[in-house]
Each structure stands twice: as structure tokens, then as C-alpha cells.
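J.: What follows is a protein structure lacking sequence information:
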């Protein structure tokens, strides 16, 4: 057990920023905090780091209660979205700065900085000043500074958000490899579901100050416990609609209906929320079990290999994501197909129907 | 379970400051408050007088006229320095090699000690020797600031404007510099006139620094002492006797410590009140 | 409204540019057709902002001409050119209401009150701002402010083109999506020329009908998202567009045969040794590589599961390839071979496509 949050909350004035949260992050694990802006990711990280004190509850680290122990006395590093480096120090001095404070010998500093710079591809620019580096290099420097002191807890708050697309891709690829070596417990905050899946650690899905769900990224993606975690995990957003179960059929929009899965036969009749991921809503039949609905095309976005078609299905604004290029006229009526086997169903309280 | 949470060492480090503050602010202030309620004839003998001095000051014609003069002076210099400061700031180059040269030139008057400014202007404006005085007289205007109250006021205001407009310029310039280029570009694209750019972009963005500039200039000019004292000595007659000059006359000239203490407290409360109004306006703005 | 042409436009920020690398923009000759939705895509420092500022008239090019239809506007100021621009950070007039903000460009041009009112209300309707027309603009959220900036361009009936300079930078990730489709929808409604500058391929490809890819001060390719995806003219386009980018690896060409190591590759179109002067490379997108029984033998190195797709990294000797598998496609356990889709295998010489 490395980092443990026991019933912590954070209130600022009359507002609650973090609702009661219990969370256990294993030692040496890579964790992703996934949620939209203002979901409370940064606040939660600040509480983990000890930059803020929780209003209630306790923070335990390696079996010790560290609630209220200031960040300076803990073994914590943090990397921010902005590239924060000392502007008047060279890259070498920037990376070495945490070690200098700890009175590490010059020879050792040189060796450690050299090794880490190698790993982060900064070896050639150790003599430069931050302003002479590209954004990606600046953020690498900031990361190196966070990694050099072998902190037991490393917090990364959307570290790639301010980088160019391709750089983001590159750094995202390297990051897990670099951090794996350190053996630290890592918390990585991001707003992008794909990033969470690619970094493939355990994911804390956050929504409006609450932890919706915690677990391996793919598990939550495939089998979310709640509608909120399905929403946090879907980009473009998951399509939803209220449907009715009557006997052994689900009824959508009074007209479309399909038989209830064998496993769900015993749930009571009434209203449920249907969740259809954009890629499970296709514009052509794919030979699988599908039902047909009618939609009106509003916008078509083509990204080379994929097309995103925004449609209105009665009062619902839905999105379909499919491979290949599909062209439609605005206002055109289209037939759409829902992969019925891959749909998610939720109770009125937001819990997923799973039996 | 309770844990000692914060490191309190920092508090020890600011003790010297607290002691210093106590010695040079709190103690003298208390002494003044003490004096303002008592009568003394020296030898450390005091008699309790209650609110007598306050009553006397508030009903004294002398205080009224000094106060009025003070308000007038402050209003005049504010209404000249603020627009002039903004105008100069707008005229300064926004980038290039000239920027630092201009800024140094503009800042120059601020570097001159106050009594030197007074002495400089005294000589500068002398009707028989001074460059300014001689020039004005040469134009056929009868100008003598040691005899004519209007000339004395004109000279005092001119001196203050010369000395302090730079501060407004520097603050406004800092405000202007903080406006991103995109705003000017957008305004150009929207077809805005220069006046519209000033009215809807520059002025709103300068607002917070301007409030600070007005506040600083208000406080400084309301407490002005050295420069008019050196220039005119408060004369001719009492025509340029501002509050602080009057205060010094009562306290040190006539040695009326009680009334002087009462007057300085009233003076102080008034400045505090105006500052509070500014503070409220500023905070209200920030809340938005 | 007008067609916008660049005639041999070059720009350098230096007073006396000597060699090509001194130019931020190297000889751009291009026509933007009236009413098109364009994206200008490239990494930071590729010259896209320079190009944008030249269009808007904020920058005068060192050489060349800019024509609107047949009028030379090279020396004209932004408002004479009738160009509107939306900046990276929202520019609004803080002290005005939303209505006054939208009305500002019209008031400056002396339009009468009644027409202003009609026009502003119509645009506010399109932008979903009708409800807050009489609120102070400074109270709006970032996306609301950005809509106002856009609205100030849209209210004018005389606008030749609307330029966007990375307009979604400060927008919340989950709102980006909404605003992007709103832009697309608006373009289809108003049919004005729109030019959208970004480094984000998703934004560019989803917004634009035609994407202009820039690299080191040059336009390397102009095409529809599909063209850029299926036939990149330059390895940079292959690499920059697509996530992960195109696999690019060295090859040898003998006569009209393309060889990778000891394996002959079939490629799209004709190829001839004569065309090759310098470094020859093959490019295949991860989407067009499949597992097969014959072809290049490889080892599977890494599998990233992002839910609806899997990104697989395979290696043959020192060369690694990335491939994208759809949900449900299997990875063979042994004797793994890969083959390329002939129609999407291209040959490049010194970076430029030759087949």
C-alpha cells in the first residue's frame, strides 16, 4: 500500500471541490486521473502532494499518516501543464537543482543528470537555456527535474497538454518507459480518454469532484459501472437515450424495438438509459446484430481514415464514428445501425445493468 | 488524532519587523492621539481637554481655508497629470531601441530630491533672474510668484506637474504594454477608429493601473510639503499654505501641540477615508 | 467575397535575407477558392502564422503579390481587405455587452441601427448567444468569448474571408468538440471562405474541405483529408497526419522493382530506377498493413489497446512497423508475417513521392 486517501474531502468556502473520496494507489503503480477540466483532478493531486490540506479525512503514504505534512518534507515531485524551468539556469543546472539542495556530491550529480538526460534525449542541449529549447524539450527538462530526485510519488498534471500534436504522441510513447525505471508511484492527470488508454495503467475516472470509478483503463472502458464513467471515457461523447423495457423487448422512440438480452431478462420493466458508443453507431449494416434507426445529418467531419457524422435522431444529437470516408449532404435523411450487442444499459440512478 | 501540521518557524523571522513597525508607527501614533486630548505647557505637564481641540479645529476658519486650498490643489494637479500622463504614455513608442531612452528621460524628474525640485523652481521662476520668470515677463505679462497669489499657484502647480506626471506616464505605459497585440489587430480588423481603440481597449485595460496612479497622486499631493515650502514658503500671505504647511506652523511655529495633534488626526482620517473608497472600488472591480 | 491568390509570395523577418533558410515563407504560389473551408496545418515554426498574417494584411510580404479576384491588395490594411480574424486568445471588448461587441464592426462602418439590430440578432441566433445578448461580455466563459470573436467576423456582410488562428487553444477539451462542429455548421450556412490555422491534425482534418500542409516555410501538399491520408505527397505529410503516423522505411530500387531487405514489395503505380536520385523510402500507413501468411516475417513487440482499436508494433530486424487493428481482429501467435495494401504503398525519393 503506497498512497491511500481515507475519506478525504475538500471544501473551499461553501463549495465542495472534492466529495468524500477513498482511494488506494499501489506502490510503484502508474495511475491516470481522467476527467474533464474542473472535474477536480488538480485539486486531488494537490491533496496527494500535500500542497493543500484536506478539509476532512486522512492521507496515508507507505503506512504513515501524512495528512498536513507539508510538501517539502515529503518525497514528492510534480510536473505541470506549463513548462516550468528556471529561466536563467542551463538545462543541466535545472535538472541538477533538486540534487544541489540535497547536498549531493558534484560527481554524483554529473553522473545522474547525464544518465537521465540520455534517457530523455536532452544530452546535446545540457548547456542551453530553457528559452533556447522547443516546447517539447522544455517539458522534458521539467520532467527530468521531477525524476532526478527519485521521489516516491510523482505527480504529472496534464504534462503534454501544451505540446504540439506530434510531440505529444512521441513523449506519450516514451513516458511510461522512463518512469517505469524509477519505481515511483505515478499519478498522471489528463482530459483525453485515448491518452488514458494508451498509458494503460489504472485509471481514476473523475466527474464533478467525485471519483466515478477506479480500475484498469480497459476494464472501465469496456465495462463501466456507471454512466458517468462511460461518459468520461468516450470521445466523441457516448450517445445516450432513454428507452423503455416492456416484457422481453426494449423500446426506443415508440417505434424501434429489439429483444432483451438473455442475461437481462429478469430486470424490471420501466425506463433505462441506452448508451451507444460512436463507433457502435454505423452508417452501413456490418452483418452483425444491428437495429436500424433514422437520422438527419447535421455535420460531417472527415479525418482521413475515419468519418464522424453528427446526426439528430428525433430529439437526440448523436455522433457516428466509422472507418473510411463517407460523404453526406447536410439535412440528408440516413439510416443508421446500432450494434445492439455492444450497447450499454443503465438504470435510472446511473449504474450499469450487469448481471 | 491531531497532528502538528504547519511549520511555524517563519513567525520568528518576522519579529524584528513587528518590533520596528511598533516603534516607528504604533508608538508615535499613540503619542499623537494622546496629545490630541490634552493641553500641555511643557515640562511634561498635561491637562485633560476631551474633544476640545477637535471641536476647535473643525470650526476654525484657518483649517477650513487650508483644507479648501488643499482640495483645490489636489483636484487641479490630478485633472492635469492623469490625462497628460496617459497622453504621453500613448505617444511613447511601443517597441524598438527608443523605448528605454524615452523611459529614462521620462523618469528623470522622479529621481530629483523634493527639496531640490523646490529650490530649482524657485530659481527658475524668479522674475528677474529665472529663465521662466524672465521669459514670462518678457512676453509682457506681469509675473511675480513671490507677490502675486495667482502666479504662486501657477508656479506650484506647474512644478508638481513637471515633477510627478512621469509617475502617471510610467504606470500607464506599463498598463498599455500588457495589452496583447491581438487586441490591436482585432480592432483594426473591426475598423475601429483610434478613439474607439482608446475608449474600448486601452482605457479599460489601463483601468486598474490608473486607479493606483490616481491613488498615489492623491495621497502624495494631499500631503505635499517640501516643494511648496521651499518654493513659496506658503505665501504670498497664506495663499499657498496647504494643510501640511499649516500643520507644521501650528505644531512647531506656535507649539500648540494639542490642536496640531487633533488636526493631524483629522487630516490622517480623511486620507484614510479616501483611500478606503479607492480600495473598495478596486476590489469591486476585481470581483467581476 | 472573392477568390484569394498568392503570387510567388516570400517573406523573411530579416532585413537582408541571403539563403532560403532566412525565409519564414519560401515562395508560396496558391489560390484559395471562394467559399472554401481550408485548414493550414503544420508544426510550430513552419510559417503558418506568417502566412495567415500576410493574408490578413497585418504583415506585408518581402516579395510577391496578393490578389483578391484581380485586385492587388498587397499594400492594403486589414480593414481595407475586409478580412476578419479570430485569435488564439479571445479578444472581446470587456466594457461592452455581447450585443455591443457584435455590433461594433458595423457601428464603425456607419451601418444604420435597424440593420445592425437585425444582423446582430441573426448572428447571435446562429451562435446560440441570443440568451446572453445583454450581458457584459467579460462575464462569459472562454468558449462564449471565442464565439463573440467569431461573431464579430460573421456580422459583416462585406467579409472576404474569416481567419482562425488556433482558435480552440483556450477551450476546454470537451467543449472543443462542440465548438468545432459549430464552426463546420456555420461554414455550411454562411459559405464564406474560412482559413483555420492549427497544429492539431484532428482539428484540421475535421474542419476543412481542403487541408494545406506546411513544413519549413513551404506548402508541401494541398488536398482533401482523404487525399492526405491515402496519398501523402511528402513523407512529412505521412508522418504528421495520422496517429500513429505513416511507417517510413528505406528501400532499394532496381529497374522497376522495389526491395526492402530481401523482400520485393508491390507498390501503387509505376516506378522506375531513373526517377531515384538520392535516398529512396517506402511509406505505408499503419491502417494498410495486415497480418498474412506470407510477406515480411516479424516479431510482435508491443500491443496498445485503446478500446475500439489496437496499435501493434512489430519488428523485422532493426526496422519497426506500427499497425492498427480494428476491435476483434486477431494477432497470430507464431509465424507472424505482414503484408502491405498495394494501393496504399508509396515510394518516396528525398521525401517526395515518385510513384
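T.: Perfect, I can see it now. Since this is a predicted model, take the numbers as computed values, not measurements.
J.: Please list the outside residues in contact with stretch B:271-288.
T.: B:207-208, B:211-212, B:214-215, B:218-219, B:222-223, C:136, C:138-139 (Cβ atoms under 8 Å, 6 or more residues apart in numbering or on different chains). Quick note: C-beta positions are derived from backbone N, CA and C, even for glycine.
J.: Name the residues of it that come out as buried.
T.: Across stretch B:271-288, burial judged by 16 or more other Cβ atoms under 10 Å in any protein chain shown covers residue B:278.
J.: so residue B:78 sits in a helix?
T.: Yes - read with DSSP: H, G, I helix; E, B strand; the rest coil, residue B:78 is one of the residues of a helix.
J.: Mind telling me what element residue A:243 is part of?
T.: strand A:239-246 (DSSP states H and E).
J.: Of the contacts of stretch B:271-288, which pair is most distant in space?
T.: The most widely separated members of the contacts of stretch B:271-288, counting by Cβ to Cβ, are B:223 and C:139 (38.8 Å).
J.: between those two, which one's more packed in?
T.: Set residue B:223 next to residue C:139 and count neighbours by other Cβ atoms under 10 Å in any protein chain shown: residue B:223 wins out with 16 against 13.
J.: The more buried one contacts residue B:244, correct?
T.: Yes - Residue B:223 is within contact range of residue B:244, at 5.8 Å (criterion: Cβ atoms under 8 Å).
J.: what's the spacing between the closest residue to residue B:164 other than its chain neighbours and residue A:53?
T.: The spatially closest residue to residue B:164, leaving aside those adjacent along the chain, is residue B:81, at 6.0 Å (Cβ to Cβ, 6 or more residues apart in numbering or on different chains). Taking Cβ to Cβ, to the nearest Å as the measure, residue B:81 and residue A:53 are separated by 48 Å.
J.: For the residue of the stretch 101-250 of chain C found nearest chain A, give its distance to chain B.
T.: As assessed by Cβ to the nearest Cβ, chain A sits closest to residue C:229 within the stretch 101-250 of chain C, at 2.9 Å. Counting by Cβ to the nearest Cβ, to the nearest Å, the separation of residue C:229 from chain B is 33 Å.
J.: Report how many residues lie close to the nearest residue to residue A:30 once chain neighbours are set aside.
T.: What sits nearest to residue A:30 in space, not counting adjacent residues and going by Cβ to Cβ, 6+ apart, is residue A:201, at 3.5 Å. For residue A:201, the neighbour count with other Cβ under 10 Å is 18.
J.: that's a strand at the residue nearest to residue B:164, yeah?
T.: No - going by three-state DSSP, the assignment for residue B:81 is helix, not a strand.
J.: wait, what's in contact with it?
T.: B:160, B:161, B:164, B:165, B:168, B:217.
J.: List the residues that contact the third one.
T.: For residue B:164, the contacting residues are B:77, B:81, B:109, B:110, B:217, B:220, B:221, taking Cβ under 8 Å, 6+ apart as the criterion.
J.: tally of neighbours for the first one?
T.: With neighbours defined by other Cβ under 10 Å, the count for residue B:77 comes to 24.
J.: Report the contact partners of it.
T.: B:157, B:160, B:161, B:164, B:217, B:221.
J.: from those residues, which two are the most distant?
T.: Largest separation among the contacts of residue B:77 by Cβ to Cβ: B:157 and B:217, giving 12.9 Å.
J.: residue boundaries of the strands in chain B?
T.: For chain B, the strands defined by DSSP state E occupy B:38-40, B:46-48.
J.: got the residues of the stretch 1-150 of chain A near chain B?
T.: A:53, A:65, A:67, A:68, A:69, A:70 (Cβ under 8 Å from any Cβ of the partner chain).
J.: isn't residue A:328 right up against residue A:297?
T.: Yes - using Cβ under 8 Å, residue A:328 is in contact with residue A:297, at 4.5 Å.
J.: Looking at these two, which one has more neighbours?
T.: Set residue A:328 next to residue A:297 and count neighbours by other Cβ under 10 Å: residue A:297 wins out with 20 against 17.
J.: That one: what secondary structure?
T.: In the three-state summary, residue A:297 is assigned as strand, counting by three-state DSSP.
J.: Now tell me what touches stretch A:172-183 from outside.
T.: Outside stretch A:172-183, the residues that touch it by Cβ under 8 Å, 6+ apart are A:28, A:30, A:119-120, A:143, A:147, A:150, A:154, A:160, A:186, A:188, A:195, A:198-201.
J.: Ranking by neighbours, what's the top pick from these?
T.: Ranking these using other Cβ under 10 Å puts residue A:188 first, with 28 neighbours.
J.: Contact partners for it?
T.: Contacts of residue A:188 (Cβ under 8 Å, 6+ apart): A:30, A:31, A:32, A:33, A:156, A:159, A:175, A:199, A:201.
J.: which one is residue C:228 nearest to, not counting chain neighbours?
T.: Distance criterion Cβ to Cβ, 6+ apart; nearest residue to residue C:228, sequence neighbours excluded, is residue C:241 at 5.2 Å.
J.: So for chain C, the centremost residue is which one?
T.: Nearest to the geometric centre of chain C sits residue C:41, at 3.1 Å (Cα atoms, centre = their mean).
J.: Pull the contacting residues for it.
T.: C:48, C:198, C:199, C:201, C:204, C:211, C:212, C:213, C:214, C:240, C:241.
J.: In helices, which of these appear?
T.: The members of the contacts of residue C:41 that map onto helices under DSSP state H are C:48, C:201, C:204, C:240.
J.: Farthest-apart pair in those, please.
T.: Using Cβ to Cβ, those span at most 13.1 Å, a distance reached by C:48 and C:201.
J.: These two: which is more packed in?
T.: Ranked by neighbour count (other Cβ under 10 Å), residue C:48 and residue C:201 place residue C:48 first, with 28 against 24.
J.: Can you check the pLDDT for that one?
T.: For residue C:48, the model assigns a pLDDT of 86.
J.: can you pull the contacts of it?
T.: Taking Cβ under 8 Å, 6+ apart, one finds C:40, C:41, C:42, C:197, C:214 in contact with residue C:48.
J.: same deal with residue C:6?
T.: Listed by Cβ under 8 Å, 6+ apart, the contact set of residue C:6 reads C:28, C:29, C:30, C:31, C:54, C:64, C:65, C:66.
J.: Return the per-residue confidence for residue C:186.
T.: 85.
J.: Repeat that for residue B:42.
T.: Model confidence at residue B:42 (pLDDT) stands at 69.
J.: okay, now the nearest residue to residue C:298 once chain neighbours are set aside: neighbour count?
T.: Excluding the flanking residues, the one nearest residue C:298 by Cβ to Cβ, 6+ apart is residue C:314, at 4.0 Å. For residue C:314, the neighbour count with other Cβ under 10 Å is 24.
J.: So which of the contacts of residue A:188 is the closest to chain C?
T.: residue A:199 (9.2 Å).
J.: dump the residue contacts of the nearest residue to residue A:281 once chain neighbours are set aside.
T.: With sequence-adjacent residues excluded and distances taken as Cβ to Cβ, 6+ apart, residue A:281 is closest to residue A:320, at 4.2 Å. Contacts for residue A:320 (Cβ under 8 Å, 6+ apart) come out as A:278, A:281, A:282, A:283, A:308, A:309, A:311, A:336.
J.: One more pass at 10 Å, please.
T.: Residues near residue A:320 by Cβ atoms under 10 Å, 6 or more residues apart in numbering or on different chains: A:236, A:239, A:276, A:278-283, A:295, A:297, A:300, A:307-311, A:313, A:326, A:334, A:336-338.
J.: What's the separation between it and residue C:282?
T.: Residue A:320 sits 34 Å away from residue C:282, going by Cβ to Cβ.
J.: This completes my enquiry, with thanks.
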